[in-house]
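Novice: below: sequence and its predicted model.
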Amino acid sequence: MVQLACLHSDDASLVLEPQGDGVPVWRHCGARVDPSSQPSLADVRGPASFSLDVDVPLSSIPGSRPGWFGPSALDIRDECGLSVPFRPGRTLVEHDPDSIQVTASDAKLGLTFEQSFLRLPGGAFLLQSRLENTSDATLRVASVCSAILPLAGKWDRIVSWRGRHNAELAEQTEQMPAHHWSRGMRRGISGHGGPPGIYVLAEGTGRDNGLVLALQLAWSGDSRIAVERDDEGYWVLGASSVGERMLEAGEALDLPCAILAISLHGRNGAMAQQHAAVRSLVRWPSGEMRPRPVHLNSWEACYFNFDEARIVKLAQAAAEIGAERFVLDDGWFKGRCSDNAGLGDWTCDPQRFPAGLGPLISQVNALGMEFGLWVEPEMVNPDSDLYRAHPDWVLAESESDRPTARGQLVVDLRRPEVRDHLFTVISQLLRDHPIAYLKWDHNRDHAPSGGPAQALGTYDLLARLRAAHPDVEIEGCAGGGGRSDAGMARYVHRFWTSDNIDAVARIGMQRGFVAFLPPEMMGSHIGASPSHTTGRHQSLTFRAVIACMGHMGVEMNPARLSEAEHAEMSKWISFYKQWRHLLHGGETVLGEGADGLRWQAQGRDGEFVLFAIRSSPALDRRPQPLSLPFAARGKAWDVRLLTIAETSGRHRPPQPPFVETLRDKGSRLSGSWLTANGLPLPAQLAESVAIYHLKVVE
């Protein structure tokens, strides 16, 4: 009987077979198995035609033995740029119920590769790797993978997300490749397609059933996710950050970790594991998440056209509708009348705020709201005092070739002196003022690239600020959703999903966001109508309900609302406050109904708020009942229709009596009925949401 190193969750198993002094080989990565009494891999893999006489299967560090022709974990180059093989002469494998540790050392090259496979609360696995240069020379790391995994079995399709500014997180489904599939990012950030990640679905898998593998690289720079088919008969999945690194003698390099979720309960099961893993990374002030406060952000309310008096009026309007945090966006600092000047000079503009930010913050606090402030420390305008003093502090290939975007350049955060300066000026702001929140923006691609060191510099700066100001919450933003990932989740508490707040567009974006990141970190605001990005008109009610599904905010001027709209806005903010204990920190379940309906349930401990979303007109005469697989967990449920969020004054279709019963007093329905037959739905107009409360009967 062969000795195996095994790591199990409720649904999954990772199994490696040690090879003496050699690197262990993969035996299993998938559904949970009992590996006892298994023969060795050498006994089950016979000779193959046109192959080496000595078998070279997929190891945890592929490429560490000659004869492996698939993707390699590591590419090391010498001073001439020639590839140098990593050939460990000794490998140590240690394991216990919670981890597997692999340490492979190449004494000749002077390099040690350490791998850790850890079991996380919630069911996911954390994959960590570390390189240590034990030689006397500098080693050039051309590429290195954070994870290389086997995909053996009846895998059927890949789900991934692509996007651009104002069109983030568009879901894509493709068949497993006959040769090669990859998703890459070369813009210096994780990108508007969301985190560097992938879902791989087995045959027959749906939202709530079947085998799913979901992997997210916790990294905010350039990345590559690849799936390669070999004539061995299975696929190999690799995930890596992109960019060369120089590893000095005696230096160690920690690679971005990877979060691996494997579920037998479909995409929703894998999503729940990803959420639990990301939540374990977030560091909240005071140690735990408090109720997510309603924002009002000033940007779309006034852009750069404001002075202190206008901002005070906006804050008063925010307080009147029930906002709990007021965020002053771009334009508050010296010389910032447009996006062509001022970035880098993080002192208050004396023309807009003659007495500084202090009086404004005092008025905001007196209105019962926290104060938040927009900053973009990673960028600089050529028209700024900082750039004039330090033109060498930017990413640039030459003095003459410095392409701008949005009128700005990227600050070189690879340099310690640059990080020191930014830490000093941002810390000064936070020391001088009771600022509870920073909206940390990043509004252009890296051209030229700063490589992995640029992302690491951002992490270092954020870590120092968090340590110095632990009570301040931070929102990550990058032209909207250009840098929302588990790598940033260690340093921020919220992500701005997209600059596009069109409610119909947000439905798909928000479903893409929660594939990897939990809804309490998803900034979702009520925007104006018509939308500033699409020009489409949508009712205030519909915009508000879509915003309720994440961390709610407002991105408009409430003072411009009619009396009826003002009351409607206040009502939905109160609704969000009433139910946010279920909307955040628990479970999110997604599904699709008949005739284009999409639904989302959020809750915990047998209690959920259910949103049945109709964005387009129905084609069927009557709505079909909505099957709710999660209802199988309870024998019976008390169900109540809280409201049908739709535009007032429109012609409403007639509703059956039971819908009115659900709305007036609710009803008790069996879990088996809700699962197999479904929840009766009202007739809904386009751009409407039926909202239910479901609670399991004890």
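Specialist: Nice, I can see it.
Novice: wait, what's in contact with Leu626?
Specialist: Neighbouring residues of Leu626 by Cβ atoms under 8 Å, 6 or more residues apart in numbering: Gly591, Gly593, Ala594, Leu597, Trp599, Ala612, Gly678, Leu679, Leu681. The way it works is simple: take the backbone N, C-alpha and C, and place the C-beta from them, glycine included.
Novice: 7 Å - rerun?
Specialist: Going by Cβ atoms under 7 Å, 6 or more residues apart in numbering, Leu626 touches Gly593, Leu597, Trp599, Ala612, Gly678, Leu679, Leu681.
Novice: may I have the beta-bridge partners of it?
Specialist: Counting by DSSP bridges, Leu626 is bridged to Leu679.
Novice: so the residue nearest the centre of the chain is in which element?
Specialist: Residue closest to the mean C-alpha point of the chain, counted by Cα atoms, centre = their mean, is Asp485 at 3.7 Å. Using DSSP states H and E, Asp485 sits in no helix or strand.
Novice: now do Leu461
Specialist: Counting by DSSP H and E, Leu461 is part of helix 451-468.
Novice: out of the contacts of Leu626, which comes closest to Ala252?
Specialist: Ala252 has its nearest neighbour among the contacts of Leu626 in Trp599, at 47.5 Å by Cβ to Cβ.
Novice: residue contacts, that closest one?
Specialist: Per Cβ under 7 Å, 6+ apart, neighbours of Trp599: Gly591, Gly593, Leu610, Phe611, Ala612, Ile613, Leu626.
Novice: and the residues you listed as a markdown table, adding pLDDT and distance to Pro654?
Specialist: Listed next are the contacts of Trp599 as a markdown table, based on pLDDT from 0 to 100; distance: Cβ to Cβ, whole Å:
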| residue | pLDDT | distance to Pro654 |
| --- | --- | --- |
| Gly591 | 98 | 26 |
| Gly593 | 97 | 20 |
| Leu610 | 98 | 23 |
| Phe611 | 98 | 23 |
| Ala612 | 98 | 18 |
| Ile613 | 98 | 21 |
| Leu626 | 98 | 19 |
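Novice: and the helix holding Leu461, what's its mean pLDDT?
Specialist: Taken as a whole, helix 451-468 has a mean pLDDT of 98.
Novice: what helices and strands are in contact with the next helix or strand after it?
Specialist: Counting by DSSP H and E, the element after helix 451-468 in chain order, helix or strand, is strand 473-476. If you count contacts as 3 or more Cβ pairs under 7 Å, 6 or more residues apart in numbering; DSSP states H and E, strand 473-476 packs onto strand 437-440, strand 494-496.
Novice: of these, which is nearest Leu641?
Specialist: Closest approach to Leu641 among the helices and strands packed on strand 473-476 is made by strand 494-496 (30.7 Å; Cβ to Cβ).
Novice: mind listing the strands that closest one pairs with, and their directions?
Specialist: If you go by DSSP bridges, strand 494-496 pairs up with strand 473-476 (parallel), strand 522-526 (parallel).
Novice: export the ones you listed to TSV and tack on distance to Phe423, mean pLDDT and mean neighbour count?
Specialist: TSV is the format used below for those (distance: least, Cβ to Cβ, whole Å; pLDDT from 0 to 100; neighbours: other Cβ atoms under 10 Å):
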stretch	distance to Phe423	mean pLDDT	mean neighbour count
strand 473-476	14	98	23
strand 522-526	25	98	27
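Novice: tell me the one of the contacts of Leu626 nearest Thr424?
Specialist: For these, the nearest to Thr424 is Trp599 (49.2 Å; Cβ to Cβ).
Novice: now the closest one, what's its secondary structure?
Specialist: Put simply, Trp599 is strand when judged by DSSP: H, G, I helix; E, B strand; the rest coil.
Novice: tell me the confidence at it?
Specialist: At Trp599, pLDDT is 98.
Novice: check the one 5 residues further on too.
Specialist: We have a pLDDT of 95 for Arg604.
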